[in-house]
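**Q** What follows is a predicted protein model with its sequence.
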Amino acid sequence: MPIVFRNRFNVLWQSWQERGPGILICVTVAAAAQLLSQHYGAPQMLFALLLGMAFHFLHEEGPCVTGIQYSATTLLRFGVALLGMRITFEQVLGLGLDSVALIAGGVVLTILLGIGISKLMGKKSFFGILTGGAVAICGASAALAIAAIMPPSRNSEQDTIFTVIAVTTFSTVAMVAYPLISSLAGLDGRSSGIFLGGTIHDVAQVIGAGYTVSEEVGDIATVTKLFRVSMLVPVILVLSLVFRSENRSAGRAPNLLFVLFFCILIGINSSGLVPEAIHTFVVDLSRWCLVTAIAALGIKTALKAMMTIGYQPVIVILIESVFIAGWMLVGMLLLN
């Protein structure tokens, strides 16, 4: 037995020596992003991306390359899986069947719209799926999860980084603008919460917008947003089936284990048996894994490459954002 443990320890130590430096760099960037986010009140993921880009030279060569790649892939999937601890079945059922159908329809139509606009602008369907999924589901987290199971392409990482930056920026604008829109439209507390939770891109901005209006609106907006997060599961599964042949020909088998753990954690959280301290720890761990993965993607991205993207992708994300906002607003006015 001691020999077995010693061999196992040697394997783990060797793995840490290969990945440790890169992981520590990504965690350090994530920690710096957290401090800046708390100080300036701006999105943590946006800071992680921008700070990471300043360290792109670490990904070109040296001892950090393996750990940076590990953070951008394995830690990403782990963080997405842990998002399941935020959601319960009771929360989703509390929204009502009509609201659930409205939100789910908005998710599907926004992704389809993204594919259509991307093709009209000469972009591949990958970009439309990526941006549509990010706008429709949960911003940067959705973009990372979708990118993890899509077939690799020459511009896939560049498109992912751009999508994360764009949806984070649009989400911050929406956090300020959408409560005003819901007020001008005359929506009541429940309808305002569903509108905000069904349109704003990232969870943090939904919380910020909702509780700015009232505690009732904040609670409903958060639950609505978490239902959108749960839509990540069927979207990932469908995309995996659609692009199965492309992934196979590229020698890449998408790892869907994180989707299974996502569903399991929803079930565990729905049971009500998870102590509050453990629940808080898992939610915080998920956030740190995702921010660390974002930092890794930033490090992998050359700023020069980002400057060549052009204005068309911005238009794609803008149209998607306006569409889902209009869809939810009209829907809530009709249901109100």
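**A** Ah, there it is.

**Q** Tell me where the model's unsure across the protein.
**A** 1-11, 153-154, 245-256, 302-310 (pLDDT under 70).

**Q** roughly how far apart are the residue minimising distance to the centre of it and Ser270?
**A** In the chain, the C-alpha nearest the mean C-alpha coordinate belongs to Ser141, at 1.0 Å (C-alpha atoms, centre = their mean). Computed as C-beta to C-beta, to the nearest Å, the Ser141 to Ser270 distance reads 20 Å. For glycine as for every other residue, the C-beta is placed from the backbone atoms N, C-alpha and C.

**Q** Give me the buried positions along stretch 71-80.
**A** Using 16 or more other C-beta atoms under 10 Å as the test for burial, stretch 71-80 gives 71-80.

**Q** what ranges do the helices span in the stretch 101-250 of the chain?
**A** Ranges of helices in the stretch 101-250 of the chain, per DSSP state H, counting those that start in this stretch, are 125-133, 139-149, 156-184, 189-197, 203-213, 215-230, 232-242, 244-249.

**Q** Just list what the fifth one packs against, helices and strands only.
**A** Using 3 or more C-beta pairs under 8 Å, 6 or more residues apart in numbering; DSSP states H and E as the contact definition, the elements that helix 203-213 packs against are helix 139-149, helix 156-184, helix 189-197, helix 215-230.

**Q** again, only using 6 Å
**A** For helix 203-213, the elements it packs on are helix 156-184, helix 189-197, helix 215-230, judged by 3 or more C-beta pairs under 6 Å, 6 or more residues apart in numbering; DSSP states H and E.

**Q** Only alpha carbons, please: show it as PDB.
**A** What follows is helix 203-213 as a C-alpha-only set of coordinates in PDB (Å, rounded to 0.1, in the frame of the first residue of the first chain):
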ATOM      1  CA  VAL A 203     -26.500  36.800 -13.100                       C
ATOM      2  CA  ALA A 204     -24.600  39.600 -11.200                       C
ATOM      3  CA  GLN A 205     -26.200  42.300 -13.300                       C
ATOM      4  CA  VAL A 206     -29.600  40.800 -13.000                       C
ATOM      5  CA  ILE A 207     -29.300  40.900  -9.200                       C
ATOM      6  CA  GLY A 208     -28.000  44.400  -9.300                       C
ATOM      7  CA  ALA A 209     -30.900  45.600 -11.500                       C
ATOM      8  CA  GLY A 210     -33.600  43.700  -9.700                       C
ATOM      9  CA  TYR A 211     -32.800  44.700  -6.100                       C
ATOM     10  CA  THR A 212     -32.300  48.300  -7.300                       C
ATOM     11  CA  VAL A 213     -36.100  48.300  -8.000                       C
END
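
**Q** Quick one: distance of it to the chain centre.
**A** Chain-centre distance of helix 203-213: 17 Å, with C-alpha atoms, centre = their mean, to the nearest Å.

**Q** same question, the third one
**A** For helix 156-184, the separation from the chain centroid amounts to 12 Å (computed by C-alpha atoms, centre = their mean).

**Q** Quick check: buried residues in it?
**A** Result for helix 156-184 [16+ other C-beta under 10 Å]: buried residues 156-168, 170-172, 174-175, 178-179, 181-182.

**Q** Would you mind listing the outside residues contacting stretch 269-276?
**A** 85, 88-89 (C-beta atoms under 6 Å, 6 or more residues apart in numbering).

**Q** from the residues you listed, which ones fall inside helices?
**A** Counting by DSSP state H, the part of the contacts of stretch 269-276 found in helices is Phe89.

**Q** now, among the contacts of stretch 269-276, which is nearest to Gly116?
**A** Gly116 has its nearest neighbour among the contacts of stretch 269-276 in Phe89, at 33.2 Å by C-beta to C-beta.

**Q** The closest one and Ser271: what is the separation?
**A** 10 Å.

**Q** Which one's more surrounded, the two?
**A** Neighbours per residue (other C-beta atoms under 10 Å) separate Phe89 from Ser271, with Phe89 holding more: 13 against 9.

**Q** How about that one: what's its closest non-neighbour residue?
**A** Closest residue in space to Phe89, ignoring its immediate chain neighbours: Ser270 at 4.5 Å, by C-beta to C-beta, 6 or more residues apart in numbering.

**Q** For that neighbour, give me the backbone phi and psi.
**A** Per-residue torsions, Ser270: phi -70, psi -20 (degrees, to the nearest 10).

**Q** For it, grab the count of nearby residues.
**A** 16.

**Q** and the longest helix along the chain, what does it pack onto?
**A** The residue-count maximum for a helix in the chain (DSSP H) belongs to helix 2-40. On a contact count with 3+ C-beta pairs under 6 Å, 6+ apart, helix 2-40 meets helix 44-53, helix 65-82, helix 276-300.
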